[in-house]
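Student: next come a sequence and a model predicted from it.
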Amino acid sequence: MALQIHLPNQQLVRFKDADRMGDIVDREKGKNSMLTAFFKKNKEDSNVRKYLCKDFPKHFTWNRSNHCWRTREHKSMIGRLVYANPAEGERYYLCLLLCHITGPTYFEDLYTANGVLHPTFQKAALERGLIETDDNLSQCLVEASLFQFPSALRRLFAMMLIFCEPGNVRKLWDDHYDSLSEDYRKQYGCVERVQNMVLIDIRVFLESMSKKLSDYDLPNVSAHIDLQSIGYREVQEEYSINVENEDLLARDSLNPDQKFVYDEIMRHVDENISGVFFIDGPGGTGKTFLYKALLAIIRARGLIALATATSDVAANNMPGGRTAHSRFRIPLNLDNNSMCKITK
Ligand SMILES: Nc1ncnc2c1ncn2[C@@H]1O[C@H](COP(=O)(O)OP(=O)(O)OP(=O)(O)O)[C@@H](O)[C@H]1O
């Protein structure tokens, strides 16, 4: 049985389109979720406090109509918590705490570590030693700065923000600002401009992963900075894709079918004619080989070729490949008015 985990006052509420807001509130007011009922049970009965949240279903059954836990009489049941991804932030830390703390009676018990009430579950998890400090991230940036260009470091920094949830983003930024901005500091004298350029680079990476700079405790980009530079960065990113010699030479070893497609597409490029092509063939017949040859020749001419695929695995097979959702910022939930945002 999977236990639904939610942040304080964010339990799942089901309602029909026609339901009135007031009725929904009245109906849900006194209702316990699996989690709040778990707290309640712990509060009422000190004997059950020895169980972790995930083990609760082994000993209790969930009564759907009364929204409470009842002692399990017969069959055994294996419980589990619903999966939470580190990128979910606080919900992830709540799950982590619930996997280690027995008998909480309120959310406050989980916010508390070493007798201190912390403002976030993340801080409480950190104080309890359940997560590592940012030292490892900091160490990683120090190591990377020894052999990576600042542009790669900025990408790494953005990746850390998205996937590693640093506890103190501002400190990480302050500690590594010199390495993150090294190239811009050499080119430009204006301190404000350098900071803006570093932030805009990070913002581009974050936005390509559907995150915002404002989601993190980082300085703001000055309002007067040229917003076109975001588009400019994307163009720069495309121009910086390395063209492998092997892919350039692939043109000479295309088989007749591949050559036919290659010539047709390149004719459109050469004569600047728009066109849409659909290349199909059984697995292993050389479609990717052909795409690589096309991408290489177009990029070697100083033109931009965006390589996208619907899956990450397929995108990674092409140099500079990205998923279409990430590249064109395609919303996950589509309706008739959905639009993609990509700067031209
Ligand atoms: N003209 C060619 N000359 C030499 N090797 C080729 C040629 N075409 C394809 N190959 C090789 O054949 C193998 C399969 O090709 P590729 O991965 O391009 O196929 P695919 O059609 O994209 O497959 P899938 O649909 O499974 O992704 C690769 O190792 C590729 O390098």
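Tutor: Looks like it arrived, so ask away.

Student: quick one: low-confidence ranges for the stretch 51-200 of the chain?
Tutor: The stretch 51-200 of the chain contains residues with pLDDT under 70 at 75, 77, 79-81, 87.

Student: and the strands in it?
Tutor: Per DSSP state E, counting those that start in this stretch, the stretch 51-200 of the chain carries strands over the ranges 60-63, 68-71, 80-81, 112-113, 116-117.

Student: any chance of a markdown table for these, columns mean neighbour count and distance to the ligand?
Tutor: Bear in mind the C-beta positions are built from the backbone N, C-alpha and C, glycine included. As requested, the strands of the stretch 51-200 of the chain are exported to a markdown table (neighbours: other C-beta atoms under 10 Å; distance: least, C-beta to the nearest ligand atom, whole Å):
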| stretch | mean neighbour count | distance to the ligand |
| --- | --- | --- |
| strand 60-63 | 17 | 46 |
| strand 68-71 | 15 | 50 |
| strand 80-81 | 15 | 36 |
| strand 112-113 | 18 | 50 |
| strand 116-117 | 10 | 54 |
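
Student: looking at the ones you listed, which is nearest to G321?
Tutor: strand 80-81 (35.0 Å; C-beta to C-beta).

Student: thinking again about what came up before, of the strands of the stretch 51-200 of the chain, which is nearest C340?
Tutor: strand 80-81 (35.4 Å).

Student: sort out which residues of stretch 188-201 are buried, please.
Tutor: By 16 or more other C-beta atoms under 10 Å, the buried positions in stretch 188-201 come out as 194-201.

Student: which ones among these lie within helices?
Tutor: 194-201 (DSSP state H).

Student: for Y93, state which of the residues you listed is nearest.
Tutor: L199 (26.6 Å).

Student: and that closest one, how far is that from G167?
Tutor: For L199, the distance to G167 equals 20 Å [C-beta to C-beta, to the nearest Å].

Student: and N333, by the same measure?
Tutor: 31 Å.

Student: those two: which has the busier surroundings?
Tutor: Neighbour totals were compared for N333 and G167, and G167 leads with 17 against 5 (other C-beta atoms under 10 Å).

Student: does the more buried one touch Q122 like I think?
Tutor: Yes - at 6.2 Å, G167 counts as touching Q122 under the criterion of C-beta atoms under 8 Å.

Student: which residues do the two both contact?
Tutor: I131 (C-beta atoms under 8 Å, 6 or more residues apart in numbering).

Student: CA atoms only: put stretch 54-63 into CSV for me.
Tutor: Extracted in CSV, the C-alpha atoms of stretch 54-63 (Å, rounded to 0.1, in the frame of the first residue of the first chain):
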residue,chain,number,x,y,z
LYS,A,54,6.1,3.4,5.7
ASP,A,55,5.6,0.5,8.1
PHE,A,56,2.2,1.6,9.2
PRO,A,57,0.2,-0.4,6.6
LYS,A,58,1.8,-3.6,8.1
HIS,A,59,0.0,-3.0,11.3
PHE,A,60,-3.0,-0.9,10.4
THR,A,61,-5.6,-0.8,7.6
TRP,A,62,-6.7,2.4,6.0
ASN,A,63,-10.4,3.0,6.5
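
Student: touching, I24 and F15? I think so.
Tutor: Yes - under the criterion of C-beta under 8 Å, I24 makes contact with F15 at 4.8 Å.

Student: the residue of the stretch 101-250 of the chain found nearest the ligand: what's it in contact with?
Tutor: The ligand sits closest to A250 of the stretch 101-250 of the chain, with a gap of 7.1 Å, by C-beta to the nearest ligand atom. Shown in contact with A250 (C-beta under 8 Å, 6+ apart): 289, 292-293, 296.

Student: next up, the contacts around the residue in the stretch 1-150 of the chain that the ligand sits nearest to.
Tutor: For the stretch 1-150 of the chain, the residue closest to the ligand is N85, as judged by C-beta to the nearest ligand atom, at 28.4 Å. Taking C-beta under 8 Å, 6+ apart, we find N85 in contact with Y92.

Student: shift numbering so it begins at 558
Tutor: Let's use 558 as the start, then, which means that last one is N642.

Student: any idea how far the most centrally placed residue in the chain is from N623?
Tutor: By C-alpha atoms, centre = their mean, the chain has its centre lying nearest to I719, at 5.3 Å. According to C-beta to C-beta, I719 stands 41 Å off from N623.

Student: please consider this matter closed, and thank you.
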